[in-house]
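Visitor: Dropping the sequence and predicted coords here.
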Amino acid sequence: MRLDRLKAFALGMPQTTVIAQWGGLVFKVAGKVFIILPMDGALPVGISLKCAPTEFDALLARDGFIQAPYCAKRHWFRLEDLSLVPERELHTLIRRSYELVVAKLPKKIQATLTIAEPKGPGLN
């Protein structure tokens with residue numbers, strides 16, 4: 001997946017921001033991290049996302065998936081090579097990470113968020 005499409009998809013979700021942090025790009029919703037995208041220059045070198053503890057073992061059983069370093073055990077995974085999954089599946093994983101983070105936000109903030117399908121070229 002090209003970096004510009006990944007950024008456009010993630011930033012298409014409500015209240016999402018991106019900052020340069022920890023040697024890469026960090027995407028947040030209402031100030032809480034839901035994507036860590038380590039960078040090597042202008043190229044992403046993997047992606048770390050939140051998952052439900054019940055999903056963790058199944059993800060790690062797949063090639064290229066590991067426990068995300070420096071993140072909560074069994075709640076974050078890292079996909080080492082973005083090309084290992086189809087773009088549509090990566091979108092699903094990103095959206096799931098976003099939803100899990102939103103679910104932990106105060107109800108007042110959650111009420112301001114609705115997930116719409118991001119629109120734009122190559123986002124399907």
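Guide: Sure, I can see it. Numbering: from 1, shown residues only.

Visitor: in the protein, which spans are helices?
Guide: Remark: helices assigned in the chain by DSSP state H are 3-11, 53-60, 87-103, 107-110.

Visitor: Could you dump these into TSV with mean neighbour count added?
Guide: For the C-beta atoms, the positions are set from N, CA and C on the backbone; glycine is no exception. Conversion of those to TSV gives the following (neighbours: other CB atoms under 10 Å):
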stretch	mean neighbour count
helix 3-11	17
helix 53-60	13
helix 87-103	17
helix 107-110	10
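
Visitor: For Leu3, see how far away Ala42 is.
Guide: Ala42 sits 7 Å away from Leu3, going by CB to CB, to the nearest Å.

Visitor: number of nearby residues for the nearest residue to Leu113 once chain neighbours are set aside?
Guide: Spatial nearest neighbour of Leu113, excluding adjacent residues (CB to CB, 6 or more residues apart in numbering): Pro14 at 4.5 Å. Per other CB atoms under 10 Å, the neighbour tally for Pro14 reads 13.

Visitor: need the contact list for the closest residue to Trp76 other than its chain neighbours.
Guide: For Trp76, ignoring the flanking residues on the chain, the nearest one in space by CB to CB, 6+ apart is Ala68 at 3.8 Å. Ala68 is in contact with Ile36, Ser48, Leu49, Trp76, Phe77, Arg78, counting by CB atoms under 8 Å, 6 or more residues apart in numbering.

Visitor: which sections of this structure are below the confidence cut-off?
Guide: 1, 114-124 (pLDDT under 70).

Visitor: ok, 80 please
Guide: 1, 113-124 (pLDDT under 80).

Visitor: In it, where's the longest strand?
Guide: Longest strand in the chain by number of residues (criterion: DSSP state E): strand 32-40.

Visitor: Counting neighbours, show which residues of it come out buried.
Guide: Buried residues in strand 32-40, counting neighbours by 16 or more other CB atoms under 10 Å, are found at Val33, Phe34, Ile35, Ile36, Leu37, Pro38.
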